[in-house]
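Visitor: Okay, sequence plus prediction incoming.
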Amino acid sequence: MSDLAETPRLVQPTAALRDSFLTGERADCLAEGRSTEWLAPAVEDFDAFVAERRGVFLRWGVPCTGFWYVAGQDYLGMLIIRHRLTPELAEVGGHVGYHVVTPWRRRGHATRMLSAGLLECRRLGLDRVLLTCGRDNEASRRVILANGGVLDRPHGDEDRFWITLDEGPGTA
Ligand SMILES: CC(C)(COP(=O)(O)OP(=O)(O)OC[C@H]1O[C@@H](n2cnc3c(N)ncnc32)[C@H](O)[C@@H]1OP(=O)(O)O)[C@@H](O)C(=O)NCCC(=O)NCCS
C-alpha cells in the first residue's frame, strides 16, 4: 500500500518540508497542466509563505485552518477546514477541501487524510460537515463516500455531501 517509513499525519504547515512541498506541488501542477505561478512566493520566501498558512486565517470570508499531510520528511498533500459556511460555500466548496499531490495518489492517502481531517473538524466544534465535488471527480467522490458522505441535492455540476461527525471522547 505504501513505501513510507512513517505513518502520515496532519500537521501545521512547516518550513522544514520546503523541498518536499515544492517538489510535490510542482509535480502536481505539471501533471495537471496548471501554472506553477502560485508557488513563486514560496520559492522566494518559504518561511513567510508558511507563516501565512499556520493557525487560523481568513479566506473565502470565513476563518480557516490548513493542514499538511506528511510522513516524516515527505509532503503528501493538504487539507483545509472552513470553520463555517457562507451562502456560496453552502453550494460549492463546503467545509473541507483537500488534495493529494500527484506522485502520492491512488494509495489511499486522501481517504485517510479526510478521516483525520474530520477529527479536526470535530475538535473545532462542528457536528456535521459539507463536502462538494465535481460530478466527474470519481476519486474524490469515493473518498467522501468512504468517510460516510451522504448525498444531498446537487448544485450545477457539483455533488454535495454531508458527513455527520461522531461524538468525540468526553463529549457524551
Ligand atoms: C481526489 C484526490 C484527493 C484523491 O486522492 P488519492 O490519494 O488518490 O485517493 P485515494 O487513494 O484515497 O483513493 C480513493 C478512491 O478513489 C479511487 N481513485 C483514485 N484516483 C482515481 C481516479 N483517477 N479515477 C478513478 N478512481 C480513482 C481509488 O481507487 C479509491 O477507490 P476505492 O476507495 O474504491 O478503493 C486526488 O485525486 C486529488 O488531489 N485530486 C485533485 C484535487 C481534488 O480533486 N480534490 C478534491 C476536491 S472535491
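Guide: Now that the structure is in, tell me what you want to look at.
Visitor: quick one: contacts for Phe21?
Guide: Residues in contact with Phe21 (C-beta atoms under 8 Å, 6 or more residues apart in numbering) are Ala42, Trp68, Tyr75. From N, CA and C alone the C-beta is placed, and that goes for glycine too.
Visitor: check which helix or strand covers the last one.
Guide: Under the criterion of DSSP states H and E, Tyr75 resides in strand 74-82.
Visitor: now check the helix or strand following that strand, is it near the ligand?
Guide: Per DSSP H and E, the first helix or strand lying C-terminal to strand 74-82 is strand 96-100. Yes. Judged by C-beta under 6 Å from any ligand atom, strand 96-100 and the ligand are in contact via Tyr98, His99, Val100.
Visitor: For my notes, confirm Phe67 occurs in a strand.
Guide: Yes. Phe67: assigned to a strand according to DSSP: H, G, I helix; E, B strand; the rest coil.
Visitor: That one reaches Leu79, doesn't it?
Guide: Yes. If you go by C-beta atoms under 8 Å, Phe67 and Leu79 touch, sitting 4.9 Å apart.
Visitor: Which neighbours do the two have in common?
Guide: In terms of C-beta under 8 Å, 6+ apart, Phe67 and Leu79 are both contacted by the residues Leu10, Gly117.
Visitor: buried stuff in the strand holding Tyr75?
Guide: Buried residues in strand 74-82, counted by 16 or more other C-beta atoms under 10 Å: Asp74, Tyr75, Leu76, Gly77, Met78, Leu79, Ile80, Ile81, Arg82.
Visitor: Pull up the pairing partners for that strand, direction included.
Guide: Strand pairing for strand 74-82, using DSSP bridges, gives strand 62-71 (antiparallel), strand 96-100 (antiparallel).
Visitor: right, and these - which one's nearest Thr164?
Guide: Nearest to Thr164, of all the strands paired with strand 74-82, is strand 96-100, at 13.7 Å by C-beta to C-beta.
Visitor: The helix or strand following the closest one relative to strand 74-82, how many degrees between them?
Guide: Using DSSP H and E, the helix or strand that directly follows strand 96-100 along the chain is helix 109-123. Counting by axes from the mean of the first three to the mean of the last three C-alpha atoms, to 10 degrees, helix 109-123 lies at 40 degrees to strand 74-82.
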